[in-house]
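Chemist: how does the following fold in three dimensions:
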Amino acid sequence: MIATRAIYRLVSNRKILLPRQTRTVLILAFSLVTLFLISIGYSPGRTVSAEYLILFVLTLICVIEFLVDVYQNPPDWMRFLLELRFICLVLLCMVIAVLPFEPAWVLGVVEGHGFRLIGGQVGSMDVMCPIIAIVSAYCFLHKLESKTKSCGLLLSELSACWAPRCAERNSVSLW
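Modeler: Down below sits the predicted model:
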C-alpha cells in the first residue's frame, strides 16, 4: 500500500531532481536488483526469490520517494535533534521515577561492582545518555539555546549516567 502511494506520487511529478550523492546510492541499489534477477535463475526456490525481488523493488520505490521528498522539502534537522533529546530526557526521568517502585526493571547487577542503573525495560541508558550529552554540547558550542540550560542538561546527564560507570572503572561502588 505504501509503495502504491509512492508510485503514484513519483509518476505524477513532471520531473524528478536527485542530488548527485543519492544517484550513486540508487545506482548501487539498481545493481542489487540486477543481482537478484540473476539469482532467481540459479535459485532452487524461484518463487520465493521472485517474491523477495518484488518486495525489494517496492522498498526501493519507497526510498526513491523519500529522497525526492527530502530534496524538495528538506527537514529541520536541528529541531529533530532537540526533540530527540527531549524524548531521551523524558525516558531518563521515567527511569529515575521507576527506580523506587520497581528497581528490578531499571537496575542491573555487574559482577564485582554491585547494582548499576542500566534503564532496563524503560530505556537503555547506553543510548539515552550519549544523545543527551552530544546534543547539549552541540547546543552549548553553537549557541542554539541558553548556555545555562545546555550546560545544566549536560552536567545533570553526566552525573546521572556516567558517574556510576566511572566508579566501575575505579572499583568504587556507588550503590
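Chemist: outline the domain layout of this structure.
Modeler: The chain is divided into the following domains under automatic domain parsing: 2-72, 77-169.
Chemist: among the ones you listed, which is the most enclosed?
Modeler: Greatest average neighbour count among those goes to domain 77-169 (a mean of 15), per mean count of other C-beta atoms under 10 Å. Any C-beta I mention is one placed from the backbone N, CA and C, and that applies to glycine too.
Chemist: how far does that one sit from its chain's centre?
Modeler: Its chain's C-alpha centre and that of domain 77-169 lie 16 Å apart, by C-alpha atoms, centre = their mean, to the nearest Å.
Chemist: show the average pLDDT along that domain.
Modeler: Over the span of domain 77-169, the pLDDT mean works out to 81.
Chemist: just the strands in the chain please.
Modeler: Secondary structure of the chain by DSSP state E: the strands cover 107-110, 114-117.
Chemist: same list (those strands) but as a markdown table, adding distance to residue 36.
Modeler: Putting the strands of the chain into a markdown table (distance: least, C-beta to C-beta, whole Å) gives the following:
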| stretch | distance to residue 36 |
| --- | --- |
| strand 107-110 | 43 |
| strand 114-117 | 46 |
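Chemist: for residue 73, find the nearest of those strands.
Modeler: The closest of these to residue 73 is strand 114-117. By C-beta to C-beta, the value is 40.7 Å.
Chemist: just checking: what are the partner strands of the closest one?
Modeler: Each strand that strand 114-117 pairs with, and the sense of that pairing, follows from DSSP bridges: strand 107-110 (antiparallel).
Chemist: quick check: residue 61 touching residue 7?
Modeler: Yes: taking C-beta atoms under 8 Å as the contact criterion, residue 61 and residue 7 are neighbours in contact, 5.8 Å apart.
Chemist: re earlier: of all the strands of the chain, which one is nearest residue 79?
Modeler: Between residue 79 and the strands of the chain, the shortest separation by C-beta to C-beta is 29.5 Å, and it involves strand 114-117.
Chemist: quick one, what contacts the residue nearest to residue 39 when sequence neighbours are not counted?
Modeler: Closest residue in space to residue 39, ignoring its immediate chain neighbours: residue 49 at 6.0 Å, by C-beta to C-beta, 6 or more residues apart in numbering. Each residue near residue 49 by C-beta atoms under 8 Å, 6 or more residues apart in numbering is listed here: 36, 39-40, 43.
Chemist: of those residues, closest to residue 103?
Modeler: Nearest to residue 103 among these: residue 36, at 49.8 Å, using C-beta to C-beta.
Chemist: measure the closest one to residue 65 for me?
Modeler: Between residue 36 and residue 65 the computed distance is 20 Å (C-beta to C-beta, to the nearest Å).
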